[in-house]
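Peer 1: Have a look; sequence and predicted model below, questions after that.
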Amino acid sequence: MPLRCFHDRSLSQPAVAVALTALVCGACAGGPSLPSLPQSLSGPGLPNVSIGSIQGEATHQPLPSAEVYARIARGANACWFGARGRLGKSHILHADAAPSMNGGAVEVVVHERAVDQPKPWGYKAYRIVLTEGAGIDGTPGSGGTSIAVENSRIPDAEAARMRAEVYQWAAGTEGCRHDPALDKVAEPVAEAAPPPKVAKAPKGAATKAAPKATASGGEATEAAPRKQ
């Protein structure tokens with residue numbers, strides 16, 4: 001039976017632990033389950049899946065899908081949906097995983113957060129598909145795991161960064177990829193300070209006396225007061 005989990009902000013560590021222990025739980029609470037995944041990436045259920053045409057991307061790992069999923073989960077929790085995750089406020093994540101004995105197929109879907117709906121998961125924005133292969137002797141999971149990604153609604157620049165992170169995490173390298181252009185936060189524009197107010201003299205205030213004028217004889221005389 002596949003494991004299906006909705007994560008409102010992040011992939012929890014218990015979910016990762018369950019994945020590493022053959023995903024034996026029946027279901028996690030919250031969210032509808034996704035349809036069963038085909039066993040091959042070429043099936044009709046996986047249209048437009050990118051298979052990693054960029055040079056240097058490792059699209060296959062010699063590990064069971066549960067372990068590859070756990071690596072991706074840790075990275076997504078740290079970089080996408082953690083306390084400082086880039087997607088935590090705008091997206092949520094749903095994981096649907098099956099144990100090796102049931103094919104080992106894993107689908108991780110990033111949904112847009114539907115703030116105006118009773119349930120928070122909106123359109124599918126980004127998808128990660130893990131397909132597990134059997135070994136030469138038919139042992140489930142011993143043939144390694146293929147990784148593919150599909151972008152639907154994430155801006156191209158951010159989707160490219162997410163793609164690189166997925167293959168990086170799947171290969172066992174932790175960490176978030178930083179891009180100054182994408183990570184730049186707009187600084188608030190300071191408002192111009194208002195001009196200083198000029199204090200007005202209160203009505204009825206006495207006027208200053210004019211300076212004394214000097215008479216021709218050298219004695220100071222009082223100047224005539226100004227008319228109000």
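Peer 2: Sure, I can see it. Numbers count the residues shown, from 1 in each chain.
Peer 1: CA only for contacts and neighbour counts going forward, please
Peer 2: OK.
Peer 1: any low-confidence regions in this protein?
Peer 2: Within the chain, the segments meeting pLDDT under 70 span 1-56, 185-194, 199, 201-228.
Peer 1: where do the helices sit along it?
Peer 2: Assigned by DSSP state H, the helices in the chain fall at 13-20, 65-79, 156-170, 180-183.
Peer 1: Quick check: which of those is nearest to Asn102?
Peer 2: With CA to CA as the criterion, Asn102 lies closest to helix 65-79 of the helices of the chain, at 11.5 Å.
Peer 1: re earlier: quick check: which of the helices of the chain has the most neighbours on average?
Peer 2: Mean neighbour counts were taken over those using mean count of other CA atoms under 10 Å, and the top value, a mean of 24, falls to helix 65-79.
Peer 1: tilt between that one and helix 156-170?
Peer 2: Angular relation of helix 65-79 and helix 156-170 on a 0 to 180 degree scale: 130 degrees, by axes from the mean of the first three to the mean of the last three CA atoms, to 10 degrees.
Peer 1: So which elements touch helix 65-79?
Peer 2: Under the contact criterion of 3 or more CA pairs under 8 Å, 6 or more residues apart in numbering; DSSP states H and E, helix 65-79 touches helix 13-20, strand 121-132, helix 156-170.
Peer 1: how about those in TSV, adding distance to Ala98?
Peer 2: Formatted as TSV, these follow (distance: least, CA to CA, whole Å):
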stretch	distance to Ala98
helix 13-20	9
strand 121-132	10
helix 156-170	17
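Peer 1: Gly75: which of these is closest?
Peer 2: Minimum separation from Gly75 across the helices and strands packed on helix 65-79 (CA to CA) falls at helix 156-170, 6.2 Å.
Peer 1: Show residues contacting that closest one.
Peer 2: Helix 156-170 is contacted from outside by 57-59, 61, 68-69, 71-72, 75, 147, 149, 151, 174-177, 182, using CA atoms under 8 Å, 6 or more residues apart in numbering.
Peer 1: One more pass at 6 Å, please.
Peer 2: Under the criterion CA atoms under 6 Å, 6 or more residues apart in numbering, residues 68, 71-72 lie in contact with helix 156-170.
Peer 1: Over to stretch 103-110?
Peer 2: The contact list for stretch 103-110 (CA under 6 Å, 6+ apart) reads 65, 92-98, 125-132.
Peer 1: Repeat the analysis, applying 8 Å as the threshold.
Peer 2: Outside stretch 103-110, the residues within contact range by CA under 8 Å, 6+ apart are 37-39, 64-66, 69, 91-99, 124-133, 140-141.
Peer 1: swap in stretch 136-154?
Peer 2: Residues outside stretch 136-154 that contact it (CA under 8 Å, 6+ apart): 48-52, 59-65, 68, 100-101, 103-104, 124-135, 159, 163, 167.
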